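**Q** predicted structure and sequence below. I'll ask about it afterward.
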Amino acid sequence: MSARAQIGVTGLAVMGRNLARNFARHGYTTAVHNRSYAKTESLIADHGSDGDFIPSESMADFVASIERPRKVVVMVKAGGPTDAVIAELVPLLEQGDIIIDAGNAHFPDTRRREAELKEKGIHFVGTGVSGGEEGALNGPSIMPGGAPESYETLGPILEDISAKVDGVPCCTYVGPDGAGHFVKMVHNGIEYADMQLIAEAYDLLKQGLGASAQEIGEIFAEWNKGDLESFLIEITADVLQHVDAETGKAFVDIVLDRAEQKGTGRWTVQNALDLGVPITGIAEATFARALSGSVPQRAAAVGVLPAEAGSWEITDRDAFIEDVRRALYSSKVVAYSQGFDQIAAASEEFGWDIDRGAMARIWRGGCIIRARFLNRITEAYERDENLPLLLADPYFTKVVGEGVASWRRIVSQAALNGVPTPAFSSSLAYYDGVRAERLPASLIQAQRDFFGAHTYQRVDKPGVFHTEWTRDRSETEA
Ligand SMILES: NC(=O)C1=CN([C@@H]2O[C@H](COP(=O)(O)OP(=O)(O)OC[C@H]3O[C@@H](n4cnc5c(N)ncnc54)[C@H](OP(=O)(O)O)[C@@H]3O)[C@@H](O)[C@H]2O)C=CC1
Ligand SMILES: O=C(CO)[C@H](O)[C@H](O)COP(=O)(O)O
């Protein structure tokens, strides 16, 4: 077989199939392969006219059909399946070839794979891809990591097929080894927070106003015309206005209230604990999904645990809706601020040198969290690339400051009326914590010194101290 494909894609489920079509539509001859040949056949049968494909049944034929240095996109289930595909590919590849793992891999796996393949002279580019099925076809947001030299040949192709905003590709080199998959992981963590906040806003409007799904959908559609404009708000309006054909009920009311997860949110929280970065919005969103799936616990509590809740007293419907909108926007800013803190901490820890402004720029289009306000984040990091806290950028300080009274009203009304708002509440608590001149952490540190001689520092002089709590309570310098 004469090698003539400029790129290859192995793994042709929803994402790989559409990425392959996207490459072909952009004029790249695309080699395609899947473990089970049926998916390859159906891609060619249904979409062969999209461009120039070279289908192969065997991995050997697939690899042989790609020009050197080969660029092979792996788009299979993360974890074991990715390792299995790499193990099959490697004996068929040569020095200088590039494997692009575009699945949702856990970044420590990407670091390991990159190091192992580097020894064989093969570039391994762990690449975050976001946008779901539609984005993969029409332009996703792409977050490639790996060795910078691999981006020289690969980058132009990935930028070509990525989404564009104002003519700028939603793809850029992120950083070495696992940086691309790390940034995609945090993207998904923020996605969890965004979705939870939207769900809480929906619940408040439903319980507070007694509004129907249709009416709340209309409110979201209205919000999508302002600062909150984003893909997730847009699809929320659509979902809420959708009617179940079988029952005639609002679709959202016939869906079981259990939100599943595949792992990226959990990984984000686990990593934040390792790095010591408080990403409370993302963590609460992840735990809220876990609570929704806590079937025996919920069954034991419903109708049993007393609520002692008040009743809603909303006199001004429009003012309440505006309060919810502002609380949502402020909480969303907190979630992004925390996510960008986590990226900064990991960048420091692993020596990745990630440009946070560029990450916000490539998330403006193509991905699930695409939103108008990402422009504001890019601008904030352009003003100060070392910004220690996104919330402290003058633009965000202003908008959150304008919303804080609404935010407090909503969180307190939710608590008084027994409506769970873990993400709204924890985001407000973070806001108040991070802006506090003095935290009660002083008492915790004093307790630690009491029971474990863990020492403390003083506010009035340098040094590390210990009090002899069980003896004469004299202070010694450690
Ligand atoms: N779905 C989405 O919206 C998004 C998904 N992703 C990520 O992209 C990747 C692909 O996702 P998606 O398209 O949804 O498909 P799936 O995650 O459902 O994976 C299915 C694909 O993996 C292949 N596969 C599974 N096990 C093996 C194995 N042991 N050896 C070889 N191939 C195997 C399947 O081959 P076969 O057909 O033979 O079973 C099939 O091609 C995943 O890592 C996912 O996390 C990223 C962004 C968005
Ligand atoms: O990567 C994605 C979107 O960006 C995938 O859709 C992913 O599956 C979403 O995560 P989860 O399944 O845990 O909700």
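**A** Done, it's in. The structure presented is a predicted model; accordingly, all values stated were derived computationally and were not measured. Ligands and ions are numbered 1, 2, ... in the order given.
**Q** quick check: residues of the stretch 301-450 of the chain near ligand 2?
**A** Proximity of the stretch 301-450 of the chain to ligand 2 (Cβ under 6 Å from any ligand atom) is limited to residues Ile368. From N, CA and C alone the C-beta is placed, and that goes for glycine too.
**Q** so which residues of the stretch 301-450 of the chain form helices?
**A** 317-350, 356-362, 374-383, 394-416, 422-435, 441-452 (DSSP state H, counting those that start in this stretch).
**Q** try the stretch 101-250 of the chain
**A** 107-118, 132-138, 148-161, 179-209, 213-223, 231-241.
**Q** for ligand 1, what's its nearest residue on the stretch 151-300 of the chain.
**A** For the stretch 151-300 of the chain, the residue closest to ligand 1 is Lys262, as judged by Cβ to the nearest ligand atom, at 6.3 Å.
**Q** got the contact list for the residue nearest to that residue when sequence neighbours are not counted?
**A** Setting aside the residues directly before and after it, Lys262 is nearest to Asn104 in space (Cβ to Cβ, 6 or more residues apart in numbering), at 7.1 Å. Counting by Cβ atoms under 8 Å, 6 or more residues apart in numbering, Asn104 makes contact with Ala78, Gly128, His181, Lys184, Met185, Asn188, Lys262, Gly263, Thr264.
**Q** which one of those residues is nearest Tyr173?
**A** Closest to Tyr173 out of these is Gly128 (12.0 Å), distances taken as Cβ to Cβ.
**Q** do me a favour and average the pLDDT over the lengthiest strand in the chain.
**A** Assignment by DSSP state E gives strand 123-130 as the longest strand of the chain. Per-residue pLDDT over strand 123-130 has a mean of 98.
**Q** same check on stretch 233-248?
**A** 98.
**Q** and Leu19, which of the helices of the stretch 301-450 of the chain is closest to it?
**A** Nearest of the helices of the stretch 301-450 of the chain (Cβ to Cβ): helix 356-362, 16.5 Å.
**Q** which other helices and strands contact that closest one?
**A** strand 141-144, helix 317-350, helix 374-383 (3 or more Cβ pairs under 8 Å, 6 or more residues apart in numbering; DSSP states H and E).
**Q** just those: most buried one?
**A** Compared across the helices and strands packed on helix 356-362, strand 141-144 shows the largest average neighbour count, a mean of 30 (mean count of other Cβ atoms under 10 Å).
**Q** do it and ligand 2 meet at all?
**A** No: Strand 141-144 does not reach ligand 2 (Cβ under 6 Å from any ligand atom); its nearest approach is 8.9 Å.
**Q** for that strand, name the packing helices and strands.
**A** For strand 141-144, the packing partners by 3+ Cβ pairs under 8 Å, 6+ apart are strand 123-130, helix 148-161, helix 179-209, helix 356-362.
**Q** list the buried ones in the third one?
**A** Within helix 179-209, the residues that qualify as buried are 179-206, 208-209, counting by 16 or more other Cβ atoms under 10 Å.
**Q** ok, now stretch 68-77?
**A** Using 16+ other Cβ under 10 Å as the test for burial, stretch 68-77 gives Pro69, Arg70, Lys71, Val72, Val73, Val74, Met75, Val76.
**Q** kindly report the same for stretch 264-274.
**A** The neighbour-count check on stretch 264-274 (16+ other Cβ under 10 Å) flags Thr264, Gly265, Arg266, Trp267, Thr268, Val269, Asn271, Ala272 as buried.
**Q** from the stretch 1-150 of the chain, which residue is nearest to ligand 1?
**A** Nearest residue of the stretch 1-150 of the chain to ligand 1, counting by Cβ to the nearest ligand atom: Gly103, 2.5 Å away.
**Q** quick check: that residue touching Gly80?
**A** No: between Gly103 and Gly80 there is no contact, the gap being 11.7 Å when judged by Cβ atoms under 8 Å.
**Q** so those two - more neighbours on which side?
**A** Gly103 (23 against 9; other Cβ atoms under 10 Å).
**Q** and stretch 466-475, average pLDDT?
**A** For stretch 466-475, mean pLDDT is 97.
**Q** tell me the contacts of Ala285?
**A** Gly189, Tyr192, Ala193, Met195, Gln196, Leu197, Gly265, Ala335, Pro422, Ala423.
**Q** next one: it relative to ligand 2, how far apart?
**A** Going from Ala285 to ligand 2 by Cβ to the nearest ligand atom, to the nearest Å gives 10 Å.
**Q** check Asp460 too.
**A** 49 Å.
**Q** got a pLDDT number for that residue?
**A** 98.
**Q** tell me which element it falls in.
**A** Secondary structure assignment for Asp460, by DSSP states H and E: no helix or strand.
**Q** next up, phi/psi of it, please.
**A** When read as degrees, to the nearest 10, the backbone of Asp460 gives phi -110, psi -10.
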